[in-house]
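1. what follows is a protein structure lacking sequence information:
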């Protein structure tokens with residue numbers, strides 16, 4: 001069983017995967033690299049003067065894999081909540097189990113709705129860390145901010161969810177700072 005399952009491989013999902021894998025959690029990311037980032041030309045991502053969305057995705061995916069996250073190019077056909085875990089079903093008939101589930105699927109998120117996540121005026125309801133009313137379920141990115149979305153915001157949402165999960169595991173607030181030696 002994995003520590004965390006992530007559905008969605010755009011900026012929110014990959015950012016969450018990076019923080020989690022870097023901190024030695026086992027992570028599986030489900031997505032087919034079909035994010036709308038591939039249509040983007042990015043000039044407003046702090047620290048990056050300009051980059052195409054496709055190049056951003058390529059670098060991000062390599063970075064996440066370098067830290068040990070597993071990227072699975074499968075379509076997710078369903079999710080379910082069990083006793084203390086989640087199951088992700090993929091189009092090849094496989095079942096994947098994890099303690100936590102992060103849904104980062106873009107503007108439409110029927111998987112979150114199937115698990116009982118409510119909708120508000122701005123989209124699906126989650127707190128600032130991406131937590132929902134379903135224990136262990138996080139919803140991040142575009143589906144929580146339908147009208148205020150940017151790659152950097154989604155990446156931040158993914159990072160917040162990851163830090164919340166890392167903090168729960170550590171039993172205290174967790175930060176992910178590295179220093180130059």
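-> In hand now; what should we look at? It should be emphasised that the depicted structure is a prediction, and the values quoted were computed from it without experimental measurement.
2. ok, which stretches of the protein are helices?
-> Using DSSP state H, the helices of the chain run over residues 11-22, 53-66, 110-114, 151-170.
3. among those, which is the most enclosed?
-> Mean neighbour count (mean count of other C-beta atoms under 10 Å) peaks for helix 11-22 among the helices of the chain, with a mean of 29. Heads up, the C-betas are built off the backbone N, CA and C, glycines and all.
4. and for the lowest-mean-pLDDT helix or strand in the chain, what's in contact with it?
-> Every helix and strand of the chain was ranked by mean pLDDT, DSSP states H and E. The lowest is strand 123-124, at a mean of 80. With contacts defined as C-beta atoms under 8 Å, 6 or more residues apart in numbering, strand 123-124 is touched by 107, 109, 112-113, 117-118, 132, 139, 142-146.
5. mind listing what that strand pairs with, with the direction of each?
-> Paired neighbours of strand 123-124 in the sheet (DSSP bridges): strand 119-120 (antiparallel).
6. okay, the residue nearest to residue 115 when sequence neighbours are not counted and residue 45: tell me how far apart.
-> Of all residues not flanking residue 115 in the chain, residue 134 sits nearest, at 5.4 Å (C-beta to C-beta, 6 or more residues apart in numbering). Distance from residue 134 to residue 45, counting by C-beta to C-beta, to the nearest Å: 31 Å.
7. what sits against the closest residue to residue 97 other than its chain neighbours?
-> Once flanking residues are discounted, residue 97 sits nearest to residue 1: 4.5 Å by C-beta to C-beta, 6+ apart. Residue 1 is in contact with 85, 97, 98, 99, counting by C-beta under 8 Å, 6+ apart.
8. my guess is the last one meets residue 4, correct?
-> Okay, so that is residue 99. Yes: using C-beta atoms under 8 Å, residue 99 is in contact with residue 4, at 6.9 Å.
9. settle it for me: which of those two has more neighbours?
-> Shown here are residue 99 and residue 4; by other C-beta atoms under 10 Å, residue 4 has more neighbours (26 against 18).
10. what is that one paired to in the beta sheet?
-> Beta-bridge partners of residue 4, as defined by DSSP bridges: residue 27, residue 100.
11. pLDDT score assigned to it?
-> Looking at residue 4, its pLDDT is 98.
12. again, but for the one 5 residues further on
-> At residue 9 the predicted local confidence, pLDDT, stands at 97.
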